[in-house]
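Colleague: pasting the structure only:
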């Protein structure tokens, strides 16, 4: 491998000294040197103009130039060529000053006569390496300066004392006439790793600016400093503020919509309570066939209106993202029993259909899930099946599935109804969708039930689908992920579905005291009704009297507290929205009074037209024991009395609607 060849320019006016240096360089075998000798500064400058040299050996005292002026002349014209100064002992001070001004090294001529050639070679190699590093550093710094001038962010370098060492034009654009200068104190806290925001109002400008500052350590001109990147985020902050305001406006609009829906629900339920309640009461009397049919129409229409209200409220909460799932432990068997107890009247008594339930033995006795929402989906699907089925029956089934995604309950609702065309199966879960307009004309409905069911199932992280054959019937499936108390049977071991008996009387699902035990109490239990609406007062009082109760009446929360203080009641039926003092305030004051007197808590049940889930929770949080939404049915009221006043007997005059 050939040794490298370095071009050396020797500017020396003494021939003997020039020959000595040439001989020393020729003795070096590791590196080859090509030496060009110039006898004066003029000749040296001319050679530098013609040829690229790797290094200059320069005598400071030349015929046409003396001292450091010689060095400065070459340094000014060819600043990238490394220079090693040749000096005598008596000129050593000049040589040191030359090094301070940029020369890479100096050599004493008399010492060269005694030193070996490789000493000179090492000096030259060191000088060229230093110059190479210096040039690269200059290039890097130049590139850095060009780069920072091109970026849109402000770049600022400050030392440990906060003094500005460098800044680019973007900093001037950010600060305007208040821009700090090199050597000034920056005026803001700059800490390593800190990201801050500065509020600026540049002098001469009215618009406020927000600047994001990011800081990192840097070495600048041999000193530890901090580099601050300043980014104008005014527009971003403006957009963020607009988004925040838009979000707030949307939330306020959503809250207003929720309040509106809740209030409309309350205002509709209040008169509906009177309508349905009076219809229930009249249905318990001896009526002609014509009047009985009229009462049935009134009740059916009222319940249809309530179903529509509930669907609209559910849909609004789902679409606003306010629908929350509540997982709790429940029994799938009890779930199906509850659905059948609700739906057997419209299925068996009104349409003459068989309503059966089947549950696989592999289904656990207790699982975790949202009982209320699963029941709502089942009631929607069973209601649909009953509506579109004129002959045959409806079957509710639940089985257990296991796959790689976990453990699932698979529900199915099968009917022998009119069926759904295959091309319509993908559309039936949409809002306000009926499979056919003729179906709407015959069967009615809003088309909300399946859409709400689909959204509820998806919120519970499940899936829902349908299979159907026109003229033969349909099967609606949905799956819900569950957590079981015990491991289920293997799918290969799953036994066939078993039909199990379910109660047909709604009231049989309610806890009831034994007859002998209930006979011990009075036939006139002390019940206080707190209600401000005159029609609802009339309805609830009549219902209670039909059940053998002689209630007291208060028109608002303040009257109720006074009556409770004067008389001990077994149960209070408390409306929520009332003049002077509402029900929530009244029950809070009641609970406070009980805590202070250490008295036995009085049972208080909310009886209100506010029917949203959060309304129920508000009542329970205030201290109420139970919640009953209007309109109140005879059977509901009988169940409440039986549950909370088990020591009293009530007239068994409640008939199913």
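Modeller: Cool, got the structure. Everything quoted here is computed from the prediction, not taken from an experiment. Numbering: from 1, shown residues only.
Colleague: only C-alpha atoms for contact and neighbour calcs from this point on.
Modeller: Noted.
Colleague: separation between residue 62 and residue 464?
Modeller: Separation of residue 62 from residue 464 (Cα to Cα, to the nearest Å): 101 Å.
Colleague: could you do residue 536 as well?
Modeller: 41 Å.
Colleague: ok, then the element right after the lengthiest helix in the chain?
Modeller: Determined from DSSP state H, the single longest helix within the chain is helix 234-283. Counting by DSSP states H and E, the next helix or strand C-terminal to helix 234-283 is helix 289-319.
Colleague: from the chain's centroid, how far away is that next one?
Modeller: 37 Å (Cα atoms, centre = their mean, to the nearest Å).
Colleague: quick one: average pLDDT of the longest helix of the chain?
Modeller: Taken as a whole, helix 234-283 has an average pLDDT of 81.
Colleague: between that helix and helix 289-319, how big is the angle?
Modeller: 160 degrees (axes from the mean of the first three to the mean of the last three Cα atoms, to 10 degrees).
Colleague: thought residue 276 was touching residue 296?
Modeller: No: counting by Cα atoms under 8 Å, residue 296 is not a contact partner of residue 276; they are 10.0 Å apart.
Colleague: A strand includes residue 413, no?
Modeller: Yes: membership of residue 413 in a strand is supported by DSSP: H, G, I helix; E, B strand; the rest coil.
Colleague: quick check: next helix or strand after the lowest-mean-pLDDT helix or strand in the chain?
Modeller: None of the helices or strands of the chain scores lower by mean pLDDT, DSSP states H and E than helix 515-518, at a mean of 38. Downstream of helix 515-518, the first helix or strand assigned by DSSP H and E is strand 527-530.
Colleague: for that following strand, the distance to its chain's centre please.
Modeller: With Cα atoms, centre = their mean, you get 45 Å for strand 527-530.
Colleague: and the next helix-or-strand element following it, which residues are buried?
Modeller: For strand 527-530, the following helix or strand on the C-terminal side (DSSP H and E) is helix 534-546. Using 16 or more other Cα atoms under 10 Å as the test for burial, helix 534-546 gives 535-537, 539-544, 546.
Colleague: closest to residue 138 among the residues you listed?
Modeller: Nearest to residue 138 among the buried residues of helix 534-546, counting by Cα to Cα, is residue 536 at 92.0 Å.
Colleague: who's the closest residue to residue 604 other than its chain neighbours bridged to?
Modeller: Leaving aside its chain neighbours, residue 604 sits nearest to residue 572 (4.7 Å; criterion: Cα to Cα, 6 or more residues apart in numbering). Beta-bridge partners for residue 572, by DSSP bridges, are residue 528, residue 604.
Colleague: next, count neighbours for residue 572.
Modeller: 23 (other Cα atoms under 10 Å).
Colleague: do the same with the one 10 residues further on
Modeller: In terms of burial, residue 582 registers 19 neighbours under the definition other Cα under 10 Å.
Colleague: confirm for me that it is in contact with residue 559.
Modeller: No: counting by Cα under 8 Å, residue 582 does not reach residue 559; the two are 10.7 Å apart.
Colleague: picking up where we left off before, the longest helix of the chain - contacts with which helices or strands?
Modeller: strand 209-220, helix 289-319, helix 534-546, helix 634-644 (3 or more Cα pairs under 8 Å, 6 or more residues apart in numbering; DSSP states H and E).
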